[in-house]
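A.B. asks: requesting a structural model of the entry that follows:
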Amino acid sequence: MTVTENPADLTADDIDLSDLDVFADRCPHDWWEWMREHQPVHLNKATAASDNEPFWNITSYELISEAHRSGTLFSHQTGPGRDGAGGIALTDLEAERGPGLQMVMTDPPKHTTYRKLVNSGFTPRMVRRLEDAFRLRATTILDEITPLGEADFVTTVSAELPLMAIAEIIGVPQADRDKLFDWSNRTVGGADDEYQLEETERPAALEGIEGDFKDSELAMVEMAMYAHELTERKRAEPADDLWTRLTEAVVEIDGERHELSEIERDLFFTLLVIAGNETTRNAISKGMMAFMDNPDQWELFKGDPEGLADTMTDEILRWTSPVNFFRRTAAEDTELGGVQIKGGDKVLLWYPSGNRDEAEFGPTANQFDITRSPNHHMAFGAGGAHFCLGANLAKLEIKIIFQELARRCPDIHQTGPADRLRMNLVDGIKHLPVAFTPSPAVL
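C.D. replies: Down below sits the predicted model:
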């Protein structure tokens with residue numbers, strides 16, 4: 001890990017955004033600030049974590065947005081010379097394991113068809129129907145900790161509401177949400193020691209597999225198997241939930257019928273569990289940290305939790321940017337920001353950097369301001385076909401949990417250091433000790 005004593009001494013060669021130890025230590029806004037000023041299209045050196053390939057880091061709001069608006073020029077799926085491998089992570093996934101099959105790793109027109117099949121569970125109307133249920137869930141969550149006066153905020157609060165929400169929407173029994181939590185942690189935390197299985201817990205099929213991510217591979221397999229079983233259960237016992245609808249969803253485009261294959265449905269389940277849980281969990285955790293680092297903003301919000309709910313939610317999303325990057329692959333030789341990029345090159349779009357760009361957010365870009373308006377953040381992407389399907393759901397969860405916290409834990413404060421996840425795809429917080437004045441449960 002490179003540590004620069006004086007940021008003024010930083011050079012392009014000091015930066016390596018494939019180094020997971022950097023992200024276990026901090027969110028490297030210092031590097032992104034340097035790149036926005038000096039090299040908004042920066043060529044990262046090749047490392048083992050990047051398949052021994054150099055890759056491009058895109059850090060300005062303008063250029064990230066340009067890449068999003070470029071259609072399939074920067075592919076979520078694959079590029080020349082990759083034999084269908086690719087995807088959104090820094091290291092390639094083989095074609096049969098996601099690219100071209102999982103929604104987030106497809107390009108239009110297939111991506112457009114995919115969204116039409118699954119969109120019904122995420123419309124604003126459908127999400128609004130869940131508000132009362134989510135508020136009850138939030139009350140239940142806080143009832144578990146308020147009598148104690150202290151908690152690990154991540155495991156008892158910020159992880160719980162997204163897990164309950166995604167289980168409710170999909171139609172997974174609430175009793176199984178611990179499975180979702182485990183699978184999500186092991187998948188995203190594949191390079192973090194805390195989420196590795198003991199050797200005695202690993203099946204014989206993993207023996208001899210080397211590398212940081214073998215436990216995450218197993219978690220993906222377990223999720224896919226659960227999804228397959230869930231599909232069979234919903235076919236036998238239909239219910240009013242997303243998974244029941246997906247077992248029979250069909251759309252007609254230009255006279256041709258489309259439906260999800262079994263593998264596409266199973267991979268969509270893994271996407272829902274990880275994206276629907278991990279990102280919102282970290283937005284809530286880091287949002288709480290932002291409030292505790294900026295007590296004036298917490299006081300402001302407590303004074304008007306209804307009136308400030310929308311701008312507060314958007315500022316938390318801008319400030320926390322829980323997805324650090326999505327990788328694209330250049331579909332052909334092109335130019336971005338005056339720099340030549342070759343077809344097949346890996347291109348990483350760094351959203352936390354875009355969300356702190358003074359060219360877009362002005363001189364207060366590095367300030368947490370819950371009254372900020374307008375707030376054209378890119379926490380859900382920067383437009384185009386891949387705008388986050390669960391944006392309305394995430395906003396509702398964030399709004400509700402902070403309104404309830406302001407009411408029931410008004411003096412919440414941090415009592416120890418946050419424990420960060422060793423991962424660069426998401427900016428994750430594993431543990432956050434907090435305390436508050438004890439109060440009785442209300443249910």
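A.B. asks: going by C-alpha atoms from here, please, whenever you check contacts or count neighbours.
C.D. replies: OK.
A.B. asks: can you give me the helices in the stretch 51-200 of the chain?
C.D. replies: 61-68, 110-118, 124-128, 131-145, 153, 160-170, 177-188 (DSSP state H, counting those that start in this stretch).
A.B. asks: contacts only, for Arg129.
C.D. replies: Contacts for Arg129 (C-alpha atoms under 8 Å, 6 or more residues apart in numbering) come out as none.
A.B. asks: measure it to Ala406 for me?
C.D. replies: 23 Å (C-alpha to C-alpha, to the nearest Å).
A.B. asks: next one: Leu349
C.D. replies: 34 Å.
A.B. asks: neighbour-wise, which of the two wins?
C.D. replies: Ranked by neighbour count (other C-alpha atoms under 10 Å), Leu349 and Ala406 place Leu349 first, with 26 against 18.
A.B. asks: that one belongs to a strand?
C.D. replies: Yes: secondary structure of Leu349 (DSSP: H, G, I helix; E, B strand; the rest coil): part of a strand.
A.B. asks: for it, give the beta-bridge partners.
C.D. replies: Beta bridges link Leu349 to Ile58, Phe326 when assigned by DSSP bridges.
A.B. asks: show the pLDDT at it.
C.D. replies: pLDDT, Leu349: 98.
A.B. asks: residues contacting it?
C.D. replies: By C-alpha under 8 Å, 6+ apart, the neighbours of Leu349 are Asn57, Ile58, Thr59, Ile64, Phe325, Phe326, Arg327, Arg328.
A.B. asks: report the two of these separated the most.
C.D. replies: Greatest spacing in these, by C-alpha to C-alpha: Thr59 and Arg328 (13.7 Å).
A.B. asks: how about Arg408, what does it touch?
C.D. replies: Leu142, Thr146, Ser439.
A.B. asks: now the last one: how far from Pro322?
C.D. replies: Think Ser439. Ser439 is 31 Å from Pro322, by C-alpha to C-alpha.
A.B. asks: from Glu397, how far out is the residue nearest the centre of the chain?
C.D. replies: Among the residues of the chain, the one closest to the centroid is Thr279, at 3.3 Å (C-alpha atoms, centre = their mean). Distance check for Thr279 against Glu397: by C-alpha to C-alpha, it reads 11 Å.
A.B. asks: ok, now Leu432?
C.D. replies: Leu432 is 19 Å from Glu397, by C-alpha to C-alpha.
A.B. asks: equivalent analysis for Leu10, please.
C.D. replies: For Leu10, the distance to Glu397 - C-alpha to C-alpha - is 39 Å.
A.B. asks: again, but for Gly343
C.D. replies: In terms of C-alpha to C-alpha, Gly343 sits 40 Å off from Glu397.
A.B. asks: so between those two, which is more surrounded?
C.D. replies: Applying other C-alpha under 10 Å to Gly343 and Glu397 shows that Glu397 carries more neighbours, namely 23 against 17.
A.B. asks: checking my notes, the more buried one in a helix, right?
C.D. replies: Yes: assessed with three-state DSSP, Glu397 lies in a helix.
A.B. asks: which residues in this protein form strands?
C.D. replies: Secondary structure of the chain, counting by DSSP state E: strands at 41-44, 55-58, 74-75, 150-152, 251-253, 256-258, 325-330, 334-336, 339-341, 346-350, 413-414, 419-420, 429-431, 433-435.
A.B. asks: weakest of those strands by average pLDDT?
C.D. replies: Among these, strand 251-253 scores lowest, at a mean of 67.
A.B. asks: so where's the chain shaky on pLDDT?
C.D. replies: Scanning the chain for pLDDT under 70 picks out 1-8, 197-215, 251-254.
A.B. asks: quick check: longest helix in it by residues?
C.D. replies: Determined from DSSP state H, the single longest helix within the chain is helix 214-236.
A.B. asks: which other residues reach that helix?
C.D. replies: 172, 183-184, 186-190, 196-197, 202, 206, 243-244, 247, 262, 265-267, 269-270.
A.B. asks: how about 6 Å then?
C.D. replies: Residues from elsewhere that reach helix 214-236 (C-alpha atoms under 6 Å, 6 or more residues apart in numbering): Trp183, Arg186, Thr187, Gly190, Thr244, Asp266.
A.B. asks: please identify the buried residues of that helix?
C.D. replies: 214-216, 218-221, 223-224, 227-228, 230-231, 234 (16 or more other C-alpha atoms under 10 Å).
A.B. asks: and the helices in the stretch 251-400 of the chain?
C.D. replies: 262-274, 280-293, 295-303, 309-320, 351-354, 358-361, 391-408.
A.B. asks: now, of these, which is deepest in the fold?
C.D. replies: helix 351-354 (a mean of 28; mean count of other C-alpha atoms under 10 Å).
A.B. asks: who are the packing partners of that one?
C.D. replies: The contact analysis (3 or more C-alpha pairs under 6 Å, 6 or more residues apart in numbering; DSSP states H and E) places helix 351-354 against no helix or strand.
A.B. asks: and Gly416, which of the helices of the stretch 51-200 of the chain is closest to it?
C.D. replies: helix 153 (11.3 Å).
A.B. asks: who has more neighbours out of Ser439 and Pro322?
C.D. replies: Pro322 (27 against 15).
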